[in-house]
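*Asks:* What follows is a predicted structure for the sequence shown.
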Amino acid sequence: MARHPRDALHAIELLKVTQTTKPFYEPSDYERLVEGARALDPRIELMVLLGGDAGLRLGEIIGLEQPDIDFKRGFLHVRRSEHENHVTLPKSGRERQVLLAKWMRRAQRRAGLKT
């Protein structure tokens, strides 16, 4: 008697995979990280803020260029990502805009970026 292909699915044993979650900083820990970065170098502070508050990935931060910052309208244009000297679109596959908060603008000025 022929078996239906659906019956074979019941015979497949799924592998158990441990779910890993990425840790999030507690707000107080994150604030200490920002303060420590600020004490080291304003450019490091800006990188921490771009990742932690603006949500950019490392490759997107590396791929930023001066024209991507629109101080007049208050936006950061995420147009590219860079990894090992290879430039591509961001992971989402498309460009996006990120609203620049006032604190981000101050951090950019401290880092020596033109406004």
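*Replies:* Thanks, I have the structure now.
*Asks:* Could you use CA atoms for every contact and neighbour count after this?
*Replies:* Will do.
*Asks:* packing partners for the longest helix along the chain?
*Replies:* Longest among the helix segments of the chain by residue count, using DSSP state H, is helix 27-40. Applying 3 or more Cα pairs under 8 Å, 6 or more residues apart in numbering; DSSP states H and E, one finds that helix 27-40 contacts helix 42-52.
*Asks:* got the contact list for the helix it packs on?
*Replies:* Residues outside helix 42-52 that contact it (Cα atoms under 8 Å, 6 or more residues apart in numbering): 33-38, 56-58, 61, 104, 107-108, 110-111.
*Asks:* what about 6 Å?
*Replies:* Contacts to helix 42-52, defined as Cα atoms under 6 Å, 6 or more residues apart in numbering, come from residues 34, 37-38, 56, 107, 110-111.
*Asks:* Give the next helix or strand downstream of it.
*Replies:* Next helix or strand after helix 42-52 toward the C-terminus (DSSP states H and E): helix 58-62.
*Asks:* pLDDT below threshold where in the chain?
*Replies:* Counting by pLDDT under 70, the chain has low-confidence residues at 1-11, 114-115.
*Asks:* cutoff 80 now
*Replies:* Residue ranges of the chain with pLDDT under 80: 1-15, 17-25, 102-115.
*Asks:* circling back to that earlier point, alpha carbons of the longest helix of the chain, as PDB, please.
*Replies:* Below are the C-alpha coordinates for helix 27-40, written out as PDB (Å, rounded to 0.1, in the frame of the first residue of the first chain):
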ATOM      1  CA  PRO A  27      19.500  52.100  30.300                       C
ATOM      2  CA  SER A  28      22.000  52.900  33.100                       C
ATOM      3  CA  ASP A  29      24.700  50.600  31.500                       C
ATOM      4  CA  TYR A  30      24.100  52.100  28.100                       C
ATOM      5  CA  GLU A  31      24.400  55.700  29.500                       C
ATOM      6  CA  ARG A  32      27.700  54.700  31.100                       C
ATOM      7  CA  LEU A  33      28.900  53.300  27.800                       C
ATOM      8  CA  VAL A  34      28.000  56.600  26.100                       C
ATOM      9  CA  GLU A  35      29.800  58.600  28.800                       C
ATOM     10  CA  GLY A  36      32.900  56.400  28.500                       C
ATOM     11  CA  ALA A  37      32.900  56.700  24.800                       C
ATOM     12  CA  ARG A  38      32.600  60.500  25.100                       C
ATOM     13  CA  ALA A  39      35.500  60.600  27.500                       C
ATOM     14  CA  LEU A  40      37.700  58.700  25.000                       C
END
